[in-house]
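# only geometry, no sequence info:
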């Protein structure tokens, strides 16, 4: 999030140092001198402390580079001690909290005593000695004028507010200005975009344009000599120089157009990148968790960390539980780094513990893989590459044709020299014409617009997709989705609305539903005080959601599941303000939610010095660990009864009933213990299995999450387009089945599996069921990754959705990964190709539509471009060969402007019409005057391409090429411009453009020849595509004409197919690797019915 050039900064608490080291008061930083005043230093990114519900802090300097190794050589230690001594002296000048709050802008050096460069060195080298020297977290908080618990005052982010009661509004403004002036803002400097002149120079470096420029210079030089150095007959225009000028003008138009397109494209993608980098983080402001933009982080902010977060700023860990970070993006090492809160790390260091195992430094850009805590503060797409390859092959072919033409005409010229009475200069002119014609073939043969067509199509599509709530992070994903055959989607938030509320519940054996007791509060009222309190704390403490301002009202922000539970606790369990509930609980250890074990746990200390473990998670998982259950809601907490098989079956039946009604079901359990950690385990090394054993079940709650409107229709549209939709969820199998049935994913012949069962399948068994596997429930991220890889091995193009930290591998493994913009973690977003800004499945359908639109547009352009180029090359080559003057009937002046107009439209090729056109153009010779004939052929050629634009508007075999034409104003504008331009060229071009005026009859002939391409295209559309495709498949695979039944043997592990079914099956097998999942499902269904005898 920070510029690599910027040194780091630190956020510090203005507390009295009681949380720091015993001698923190004496460890004070040196005030800034006038030589290193803020005005003379580079603006640096802010430091940040980070804090979670358990309390942790980190300071965040900007990314400064340097090694992040924790080990130190003896020489390094000497440097550490020297730097630490300097820091000890510096810290002595930190003023008190009151003086800091009132510091004016002209005395910023006394307000922020730490040099950003010093803090940068501390983080980049992970120096524990420097951290000790600045007084630990307390010293940093004082120097950065923040509070480890309350964070920055909210007024600092709003200069018109007041921080506390002491400073005035203008003081706050000065503090904010001072903080930004010293430490800068949390933004990477914008990449300098290239100017229009730089892009013009880059466009002019194209090999074809360089060659054309050389030809233009030669043509202009010779033309100038001919026009002004040679005698002319009276009345003969001196226009020989026009060819060279026209070619130069064409080059400049191409250069300016290309540069303008690149200029617009770069700025458009720059705006998209800014949108991509925008995300929300949770900061503690004025003691309350607050969502702020990552760009609004200031030096001294206290930020919360959760699994899946991408660290937005450098800092030190204040507090946290089981924090593990992935710093591979900075160090290149894939090993997870365990993070230790700074105060604990310093304490352990004083006790003589090895510093190599102590790392409280949080690095910007690293990924939080486990734990919760707080701390102080475009490539070429595949289609572009393929089209570039096509363009290169066509260019090679064009060069070959041009070389042949040059050699033939040159040899022809050499053989005519002995019998020719031409002067040497005239022979030189003839040779120059041969050279220009040959170069013209190269120029018109190269379809340099192909890669540009993809870029333009993608840039338009990406911009429109953003309006459809799809943020494209990887450009290739847009075109890839056009070929998607399978979508593996989550349930919660994607298919459902993610607006949850508790509707049913069980406490012990006391059950209630929304329609009776639960809605009226009877279930909570019936509970004893200690059962209600245990349930309340299990909900409040086992969550990372927080209270905040949402749409002008107080709401719970974070996981929607946790928010619904907290709302239930607030409405029916008497929960006090959430922050107060958490502050009253003395949390000892936290085990964050893990998608593998499907539960989370918190260890708290009770007033009687005992410990209680609260667990929340999947109820069927908790039942495996529970040995007791409270008998009734009104029973005292300690009077649990044995969880017999009978009681277990009753509870499982209740869970199944809730799940069958599409409810998300969560279980709650607890366990009391007399000591922590258990005997024989270190405090931070107690395995989860140990704490989950022998628990007492408190109850089960059912949470309703309704299906999104329009999801069933979107699923049907996907299936109708040949895209197989699968649900992959961690929810109960009955819940998954119910939701899948409602939205149309699960059909009568579909298969539903649970993750553990799917995991145990062999490759053969997996391949057999994949064509009908529609729901994978109770799945882990590893199951999702396994499914994606197996589908890709079978030739599928796979899209997958994910929102969790562990979904990263599956998102990367898929052809296109979709992350959730609202509920997804930062790691999931980083691993994805496209971010669904609204978490809605319908947005995926729009991506598929846009992907196919891009592919269709490029196909149309490719087909039309090749039609134009091949026609022009053929006409130029043939006419130059048969010409007595070694000239093409289409001159460079005529070819280059039309080529420039053509490159603006994407269209499709009907290659089989080219020879017909050529015969019409080349063989038609009823006109007496040669100049008129040449103009007529040129005019007919242009109008053929003009009407072929309409033919290429459709890729299917339907006849109505005008359908929807009024919905494309750009197309209408282009065809009007082409028609008007051609009329002006023929009517007023004269000798300058090698054209003569045509009569009305000749215009009619040109237009009739042009219009003829449309009925020819209709005839070609009558030929079924499948017939041609099958013919090419047979030739490619070397298939004979033997009967189909003899070519395909029945599988050895299946019964003999009936003859009629065998023929159908063989037809399906003509496509070796079917790209459509519907074909696979149809094949499987035919086999199943044949085996079962249902036919």
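Ah, there it is. As the structure is a prediction and not an experimental result, all values here were calculated from the model.

# the nearest residue to residue 636 once chain neighbours are set aside and residue 666: what is the separation?
Using CB to CB, 6 or more residues apart in numbering and skipping the chain neighbours, the partner closest in space to residue 636 is residue 528 (5.8 Å). C-beta coordinates here come from the backbone N, C-alpha and C atoms, glycine included. As judged by CB to CB, to the nearest Å, residue 528 and residue 666 stand 21 Å apart.

# for residue 585, same thing?
Distance from residue 585 to residue 666, counting by CB to CB: 20 Å.

# between those two, which one's more packed in?
Looking at residue 585 and residue 666 with other CB atoms under 10 Å, you find the greater number of neighbours at residue 666, namely 25 against 19.

# thought residue 810 was touching residue 780?
No. Shown here, residue 810 and residue 780 do not form a contact pair, counting by CB atoms under 8 Å, at 10.1 Å.

# okay, these two: which has more neighbours?
The residue with more neighbours, out of residue 810 and residue 780, is residue 810; 27 against 19, by other CB under 10 Å.

# residues contacting that one?
For residue 810, the contacting residues are 781, 784-785, 788, 800, 802, 817, taking CB atoms under 8 Å, 6 or more residues apart in numbering as the criterion.

# point out where the stretch 351-500 of the chain drops to low pLDDT.
354-355, 357, 367, 369-385, 387-388, 446-452 (pLDDT under 70).

# tell me which stretches of it form strands.
Under the criterion DSSP state E, counting those that start in this stretch, the stretch 351-500 of the chain carries strands at the ranges 361-362, 367-376, 470-472, 486-489, 496-507.

# likewise for the stretch 851-1000 of the chain?
With DSSP E, counting those that start in this stretch, there are no strands along the stretch 851-1000 of the chain.

# so where's it uncertain?
Low-confidence segments of the stretch 851-1000 of the chain (pLDDT under 70): 884-929, 991-993.

# same check, this time on the stretch 501-650 of the chain
Applying pLDDT under 70 to the stretch 501-650 of the chain flags the ranges 511-526, 550-552.

# ranges for the strands of it?
Listed in chain order, the strands of the stretch 501-650 of the chain (DSSP E, counting those that start in this stretch) span residues 510-513, 546-550, 553-557, 586-594, 599-605, 611-617, 626-629, 641-642.

# which one's the longest helix in the protein?
As assigned by DSSP state H, the longest helix anywhere in the chain is helix 841-882.

# between that helix and strand 496-507, how big is the angle?
Angle of helix 841-882 versus strand 496-507, following axes from the mean of the first three to the mean of the last three CA atoms, to 10 degrees, is 150 degrees.

# run the chain-centre distance for helix 841-882.
How far helix 841-882 lies from its chain's middle: 27 Å, per CA atoms, centre = their mean, to the nearest Å.

# also stretch 737-747?
Distance of stretch 737-747 from the chain centroid (CA atoms, centre = their mean) equals 28 Å.

# now swap in stretch 985-1001 and tell me
Using CA atoms, centre = their mean, the distance between the centre of stretch 985-1001 and that of its chain works out at 53 Å.

# circling back to that earlier point, and of the strands of the stretch 501-650 of the chain, who's closest to residue 289?
strand 546-550 (3.9 Å; CB to CB).

# which one of the strands of the stretch 501-650 of the chain lies nearest to residue 934?
Comparison of the strands of the stretch 501-650 of the chain against residue 934 by CB to CB identifies strand 546-550 as nearest, at 73.4 Å.

# the closest one pairs with which strands, and in what direction?
When pairing is defined by DSSP bridges, strand 546-550 lines up against strand 553-557 (antiparallel).

# got the buried residues for the partner strand?
Of the residues in strand 553-557, those buried under the neighbour-count criterion (16 or more other CB atoms under 10 Å) are 556-557.

# what sits up against that strand?
Outside strand 553-557, the residues touching it (CB under 8 Å, 6+ apart) are 289, 291, 545-550, 562-563, 566-567, 578.

# same check, this time on stretch 593-605
With contact meaning CB under 8 Å, 6+ apart, stretch 593-605 is reached by 307, 370, 537, 541-542, 585-592, 611-618, 621-622, 676, 688, 691-692, 730, 778, 780-782, 804, 806.

# apart from its neighbours in sequence, what residue is nearest residue 191?
Nearest residue to residue 191 in three dimensions, chain neighbours excluded: residue 270, at 7.1 Å (CB to CB, 6+ apart).

# residues in contact with the one you found?
Listed by CB under 8 Å, 6+ apart, the contact set of residue 270 reads 190-191, 193.

# quick one: which of these has the most company?
Neighbour counts for the contacts of residue 270 peak at residue 193, which has 12 neighbours (criterion: other CB under 10 Å).

# mind listing what residue 845 touches?
Residue 845 sits next to 714, 717-718 when contact means CB under 8 Å, 6+ apart.

# leaving out the residues flanking it, which one is nearest to it?
Residue nearest to residue 845 in three dimensions, not counting chain neighbours: residue 714, with 4.6 Å by CB to CB, 6+ apart.

# next, count neighbours for that neighbour.
Per other CB under 10 Å, the neighbour tally for residue 714 reads 22.

# and if you look at residue 797?
20.

# contact partners for it?
For residue 797, the contacting residues are 480, 483-486, 815, 1075, taking CB under 8 Å, 6+ apart as the criterion.

# check residue 963 too.
The neighbours of residue 963, taking CB under 8 Å, 6+ apart as the test, are residue 954.

# go with 10 Å
When the contact criterion is CB atoms under 10 Å, 6 or more residues apart in numbering, the partners of residue 963 are 953-954.

# give me phi/psi at it?
phi -60, psi 130 (degrees, to the nearest 10).

# that one and residue 950: what is the separation?
As defined by CB to CB, residue 963 lies at a distance of 11 Å from residue 950.

# measure how buried the closest residue to residue 132 other than its chain neighbours is and give me the count.
Closest residue in space to residue 132, ignoring its immediate chain neighbours: residue 346 at 5.8 Å, by CB to CB, 6+ apart. The number of residues packed near residue 346 is 21, by other CB under 10 Å.
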